[in-house]
Each structure stands twice: as C-alpha cells, then as structure tokens.
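Chemist: following is a predicted model, sequence given first.
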Amino acid sequence: MPYFTHGETKNKLILLYIADRAGAIPTRSQLYRTAILNSEMEYFSFEEALGELLEDGLLTEVPKPFGACLGVTALGREALSMFEKSIPQDERKKLDAYLEAHRNDFLHETQISSRIEKADNGVMLHLLLTEADHVIFSVSLAVANEEQAMSLRSRWESGSEPIYNYIWDTLSKEHN
C-alpha cells in the first residue's frame, strides 16, 4: 500500500507535478490556478511551497519575453520521480485532465502578453506576441492613465490576432 503525503510535502509535490506535466513551462499564475482548482491547496500554502521549491533549487524561474515561468530543475525531476506515487492516483488523474484540457489556453497566455509601466508623462503599454520564446511583434503605446491601459490591454488579449493581421496586411501591401 503506497504512502500518501500530506500538508506541506504534498503541496510541494503537487507543484512539481504540475510544473513537470504542464506541457510548456508554466507561469506563476498558471501554476497557482491549476493547484488551487485541482487540489486542497490554498493561497498561503501555495506561496510557502513555491518559495521553498525555488529556494531549494527544485524549481527555477525561467525568463521569457513576457515575464518569468517556472521550470523544474534536474533536482526537482529527480525528487518527483522518487515521490510522485505518494500523490494519490485520483489526484494525479484530475491534474492531468485539467492540464490537458487547458494546454492551449496556457500556450495562448504565454504567446499574447502585455506589460504596463508608469512613465513620467503617463503610462506606457507594451503589447507582445511571442512564438518559441521570440518576440515576433511588439507595440508600445503611451496612454493617459492606467485605466485606459487596462482597457487596451483587455482588447489586446481578446483580439490580438485580427489586430496583428491588419497591421501585417497593411504594411505588406505594395502601394503604387
């Protein structure tokens, strides 16, 4: 009969499991969402477990054009391989099903991103499209305030494809 972990150890194993099985290196937000929705983990437990995994070198922050993701280190993979079976099978199946169902969403979230920065004369909004960790399109806009930046960011995240296509098509046309 397998031994099932509880508490802090279980939380760490779940985070390692998610980061390893996500398909692509997950963002902090993706890791958090998956853990909270599919296990009994709560926010403070998530933060504590994640901090310790980073501190102990089992997870590492991987810089990306849109921010940082969390990757499993060799030490983390080794620990997971030794103790993975101590996460109950039904919980692993639930995590696997969630990750499979949301794989495209996770990819979309890391390809279409934005960043808002305070500037001397207002706010700068940076809109990015990335593919294979390379920025393929970026636009920076000076906007009046954070509210406007948030509104434009929301439109970018939901409608980036037609915006990109319009700009590409317009710039690609030969003018006589």
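Modeler: Received, thanks. Since we're looking at a predicted model, the values are computed, not measured. Numbers count the residues shown, from 1 in each chain.

Chemist: can you map out the helices along this protein?
Modeler: 7-21, 28-38, 43-55, 74-83, 89-111, 146-172 (DSSP state H).

Chemist: need the ones you listed in a markdown table (columns: mean pLDDT and distance to L127).
Modeler: Using the backbone N, CA and C atoms, a C-beta is placed for each residue, glycine as well. Conversion of these to a markdown table gives the following (pLDDT from 0 to 100; distance: least, CB to CB, whole Å):
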| stretch | mean pLDDT | distance to L127 |
| --- | --- | --- |
| helix 7-21 | 91 | 27 |
| helix 28-38 | 92 | 18 |
| helix 43-55 | 94 | 28 |
| helix 74-83 | 93 | 33 |
| helix 89-111 | 88 | 12 |
| helix 146-172 | 86 | 5 |
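
Chemist: could the ones you listed be laid out in a markdown table, adding distance to T130 and mean neighbour count?
Modeler: Formatted as a markdown table, these follow (distance: least, CB to CB, whole Å; neighbours: other CB atoms under 10 Å):
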| stretch | distance to T130 | mean neighbour count |
| --- | --- | --- |
| helix 7-21 | 20 | 21 |
| helix 28-38 | 15 | 18 |
| helix 43-55 | 23 | 15 |
| helix 74-83 | 25 | 14 |
| helix 89-111 | 5 | 14 |
| helix 146-172 | 11 | 13 |
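
Chemist: so which of those comes closest to D120?
Modeler: helix 146-172 (14.5 Å; CB to CB).

Chemist: quick one, domains of this structure?
Modeler: 7-110, 111-172 (automatic domain parsing).

Chemist: hang on, E157 packs against S114?
Modeler: Yes: if you go by CB atoms under 8 Å, E157 and S114 touch, sitting 6.9 Å apart.

Chemist: now do the contacts for Y17.
Modeler: With contacts taken as CB atoms under 8 Å, 6 or more residues apart in numbering, Y17 has the following neighbours: 80, 84, 87, 92, 95.

Chemist: tell me how far it lies from E8.
Modeler: Look at Y17 and E8: by CB to CB, to the nearest Å, they are 15 Å apart.

Chemist: could you do L59 as well?
Modeler: The value you get for L59 to E8, if CB to CB is used, is 15 Å.

Chemist: quick check, pLDDT for E117.
Modeler: With respect to pLDDT, E117 scores 89.

Chemist: repeat that for the one 10 residues further on.
Modeler: The predicted local confidence for L127 comes out at a pLDDT of 89.

Chemist: mind listing what E47 touches?
Modeler: Per CB under 8 Å, 6+ apart, neighbours of E47: none.

Chemist: ah, wrong one, I meant G122
Modeler: 142-145.

Chemist: just list whatever residues bridge to the residue nearest in space to the middle of the chain.
Modeler: Centroid-nearest residue in the chain, with CA atoms, centre = their mean: T27, separated by 2.2 Å. Beta-bridge pairing of T27 under DSSP bridges involves C69.
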